[in-house]
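Student: Quick one, fold the following:
(chains A, B, C and D)
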Number of protein chains: 4
Amino acid sequence: MHQTAEMINANPSRAVIQVDVLVECIEACLTCTQINLACADACLGEPEPQELSRCIRLNLDCADICTATGRIVSRQHKPEMYLLRKQLESCVFACQICASECELHQKEHEHCRICAEQCRRTERVCQQMLDQLVQGEGAVQRRAAQRPS
Amino acid sequence: MHQTAEMINANPSRAVIQVDVLVECIEACLTCTQINLACADACLGEPEPQELSRCIRLNLDCADICTATGRIVSRQHKPEMYLLRKQLESCVFACQICASECELHQKEHEHCRICAEQCRRTERVCQQMLDQLVQGEGAVQRRAAQRPS
Amino acid sequence: MHQTAEMINANPSRAVIQVDVLVECIEACLTCTQINLACADACLGEPEPQELSRCIRLNLDCADICTATGRIVSRQHKPEMYLLRKQLESCVFACQICASECELHQKEHEHCRICAEQCRRTERVCQQMLDQLVQGEGAVQRRAAQRPS
Amino acid sequence: MHQTAEMINANPSRAVIQVDVLVECIEACLTCTQINLACADACLGEPEPQELSRCIRLNLDCADICTATGRIVSRQHKPEMYLLRKQLESCVFACQICASECELHQKEHEHCRICAEQCRRTERVCQQMLDQLVQGEGAVQRRAAQRPS
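Tutor: Predicted coordinates:
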C-alpha cells in the first residue's frame, strides 16, 4: 500500500504525525480488520465452533474498532487530536484482548496464530502513534508555557 | 425499532445491562451514524462547503465511531466489559465534540441543528450505559470483597 | 427515526426519490444491519452453532450490504442513479437469500424469525425504491425521446 | 498483506476461487476504501471544495461499496455465489464511475490521480474475480448437463 503514503503527501492538509508512523498505523488497522474477519470465518468453519465462540465475538469487535480507527486516522483535514487519542486507546485495548484470546487457540488453529500476530502488531503500531500524539501535545504545552508573558 | 428489543430477549446469552438502556444505546448509535452521514452530505451541498469543512470531518469521524459502538453493543455473547467501556468513552467524546461543532452552525443550517441534537442525545445515552457498566463492575467487586475468607 | 425525514428536507440538494420511500429505505437498511448482527450473535450463542453456520455467514453478508446501501441512499448530493440501482439490486438479493435461510430455523429460533421478517421488509422496501428509480429513468428517457429534433 | 493469503490457506473451508485472484480482490477492495476516504478528505481540504463535491460524494459511495465487497469476499465458509456476483458487479461499476470522476481532476490534483488509478485497478481485479465466478458456474452447469440420465 505505497499509495497510502502517496495520498498523505498529496493531501493539502499537513499530517499531524510523522508520515511513516501514520502509514503504519493506517495499514495495520486495515489489515487487522481483514484478518479478524477472516479468523471469525475460519473459526465458524471449524468442527466445534462453540469452543471458539468468544474468539469469534472478539474478532468481530476488534474488526469494528480497527475499521473506525483506520478511517479516522486516514483523515488529515482539521483533526480533533483528543478524539484520535480516545479511539486509538480503544483500539490498542481491542487488539490486546483479541490477541490474548487468539493465543489460547494458536497451537490448534493456524488462523488464530496469524490473527494473534496481526493483533499484536496493530496494538504496537497504534501505541506508537498514541505516544507521538501525547508527546506532540506535551511539546505544544511546553512551548505555550515558555512563551514570555 | 421494537425489533431491537425483541432480538435482545430472543438471544440465548443474557444481556449484561438493563434491556431498555441497551436498546436506547444501540438505537442512538445507529441513528447518530445516519444523521451524521446526512449532515456531512448536506454541508457538502451548501454554497460554501469550505466553511463547514471541520463539521464534515467531525460528522464522518462521529459516524465511524457510532457505527463501531452500535455494532459492539449489539452483541450479547461473552462480551468484554472493559472494551465496551473504552469504546463507549470514545463515542461519548466523539458525540460531544461533533455536537459542539454543529451548534456553531445551527442558526444558519437546520441540518446542523438536527445533528447537534442527535449527537447530544447519543452522548447522554452512551454515558448512561457507561455509568451502568461501571456500577455493575463496582457491584461485582463489592460482592467479591464481602465474601467470607 | 423522524430525524431521518427532517434531515432529507433540510438538505440543500433535493431528494431524487419521494421522501417517504427514501426514509423507509434508509430505516429498513439500518435496522436490517442491526438485526442481522444481533441474529449472528444469537446463533453463535446457541448450543449447536455449527448447525447455524450458514445463517451466521449470510447474516454478516447481509449486514455488510445493508450498511453500504443505507449509507449511499442517505446521500442526496449529486447521486449516481445507476450506482444506486446496482447496489439496491445487490441488497434486494442479499435480503432475499438471508430471509430464506433464517426461515429454515424460525420454528426453533425466535431470533431467526425476527430476522427473516426484517429481511423480507427490507427486500420489499428496497425493491420499491428500485422501482421508483427505474420509472424515473424511464420518464427521463421518454421526455428526451419526445423532444422536437 | 501476505497474511491475507496465509489466512485463506488456514481456513478449514476451501476457497471457491483461485487463491491469488481472491487475495488480489480482497486487497484491492480494502486499499480502494482507504484511498477513496483519503481522496474525499484531500478534496475537502482544497481551497474550492465545492468544485470537487461530486468527487467527494462518489469517493464516499465507492468506499462504502468496496468495504462491503472486501468483507464478503473475505469469508470462505458456505458462500452464496450469486450474492458475490451481484456485489462484485456493483463494485465494478462504483470503481468505474468514481475513476471517471477522479480523472477529470487528475491534472490539478495528485490525490485524484492516485485515486483514479486505484479505482481502475480495483475495477479490473473485481471484474477478473467476477469472470472466474461466472466461468465456475458455467462449468458446474456443463457438468450437470453431461451427467447420464
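
Student: Does anything pack onto the longest helix seen in chain A? Which helices or strands?
Tutor: When chain A is scanned for its longest helix (criterion: DSSP state H), the result is helix A:110-146. Helices and strands touching helix A:110-146, by 3 or more C-beta pairs under 8 Å, 6 or more residues apart in numbering or on different chains; DSSP states H and E, are helix A:19-44, helix A:53-73, helix A:81-104, helix D:2-10. For glycine as for every other residue, the C-beta is placed from the backbone atoms N, C-alpha and C.

Student: which parts of chain A sit against chain C?
Tutor: A:41, A:44-45, A:47-50, A:53, A:56-57 (C-beta under 8 Å from any C-beta of the partner chain).

Student: Quick check on the residues you listed: which are buried?
Tutor: Buried subset of the residues of chain A next to chain C (neighbour count, 16 or more other C-beta atoms under 10 Å in any protein chain shown): A:41, A:44-45, A:49, A:53, A:56-57.

Student: Same list (those residues) but as JSON lines, adding pLDDT.
Tutor: Formatted as JSON lines, those follow (pLDDT from 0 to 100):
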{"residue": "A:41", "pLDDT": "98"}
{"residue": "A:44", "pLDDT": "98"}
{"residue": "A:45", "pLDDT": "97"}
{"residue": "A:49", "pLDDT": "95"}
{"residue": "A:53", "pLDDT": "97"}
{"residue": "A:56", "pLDDT": "98"}
{"residue": "A:57", "pLDDT": "98"}
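
Student: right, and out of these, which lies closest to residue C:103?
Tutor: Lowest distance from residue C:103 to these (C-beta to C-beta) belongs to residue A:44, with 20.6 Å.

Student: what residues are up against the closest one?
Tutor: Taking C-beta atoms under 8 Å, 6 or more residues apart in numbering or on different chains, we find residue A:44 in contact with A:52, A:56, C:49, C:53, C:56-57, D:77.

Student: try residue A:83
Tutor: Here residue A:83 is in contact with A:72, B:61, B:65, B:90, B:93-94, B:97 (C-beta under 8 Å, 6+ apart).

Student: Highest neighbour count among these?
Tutor: In terms of neighbours by other C-beta atoms under 10 Å in any protein chain shown, the contacts of residue A:83 top out with residue B:65 at 32 neighbours.

Student: right, and it touches residue B:91 too?
Tutor: Yes: using C-beta atoms under 8 Å, residue B:65 is in contact with residue B:91, at 5.3 Å.

Student: tally of neighbours for residue A:4?
Tutor: For residue A:4, the neighbour count with other C-beta under 10 Å is 20.

Student: do you know how far it is from residue A:18?
Tutor: 14 Å (C-beta to C-beta, to the nearest Å).

Student: same deal with residue A:114?
Tutor: 28 Å.

Student: how far does stretch A:18-35 sit from the chain's center?
Tutor: How far stretch A:18-35 lies from its chain's middle: 7 Å, per C-alpha atoms, centre = their mean, to the nearest Å.

Student: Tabulate the CA atom coordinates of it in PDB.
Tutor: Backbone C-alpha positions of stretch A:18-35 (Å, rounded to 0.1, in the frame of the first residue of the first chain) are rendered in PDB as follows:
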ATOM      1  CA  GLN A  18       5.300  11.600  11.200                       C
ATOM      2  CA  VAL A  19       4.200  10.200   7.800                       C
ATOM      3  CA  ASP A  20       5.800   6.700   8.300                       C
ATOM      4  CA  VAL A  21       4.100   6.300  11.700                       C
ATOM      5  CA  LEU A  22       0.800   7.300  10.200                       C
ATOM      6  CA  VAL A  23       1.100   5.000   7.200                       C
ATOM      7  CA  GLU A  24       2.000   2.100   9.500                       C
ATOM      8  CA  CYS A  25      -1.000   2.800  11.700                       C
ATOM      9  CA  ILE A  26      -3.500   3.000   8.800                       C
ATOM     10  CA  GLU A  27      -2.200  -0.100   7.200                       C
ATOM     11  CA  ALA A  28      -2.100  -2.100  10.500                       C
ATOM     12  CA  CYS A  29      -5.700  -1.100  11.200                       C
ATOM     13  CA  LEU A  30      -7.000  -2.100   7.800                       C
ATOM     14  CA  THR A  31      -5.100  -5.400   7.700                       C
ATOM     15  CA  CYS A  32      -6.200  -6.200  11.200                       C
ATOM     16  CA  THR A  33      -9.900  -5.700  10.200                       C
ATOM     17  CA  GLN A  34      -9.400  -8.100   7.300                       C
ATOM     18  CA  ILE A  35      -7.500 -10.700   9.300                       C
END
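
Student: Show the average pLDDT along that stretch.
Tutor: Averaged across stretch A:18-35, the pLDDT comes to 97.

Student: what comes up buried for it?
Tutor: Along stretch A:18-35, these residues count as buried under the neighbour rule (16+ other C-beta under 10 Å): A:21-35.

Student: what's the answer for stretch A:71-81, then?
Tutor: A:71-80.

Student: center of chain A, which residue is that?
Tutor: residue A:29 (4.0 Å; C-alpha atoms, centre = their mean).

Student: Next, find the distance separating it from residue A:95.
Tutor: Noted for residue A:29: a distance of 9 Å to residue A:95, by C-beta to C-beta.

Student: buried sites along the longest helix of chain A?
Tutor: A:110-123, A:125-130, A:132-133.

Student: Residue A:99 touches residue A:116, doesn't it?
Tutor: Yes: look at residue A:99 against residue A:116 with C-beta under 8 Å: they come within range, at 4.8 Å.
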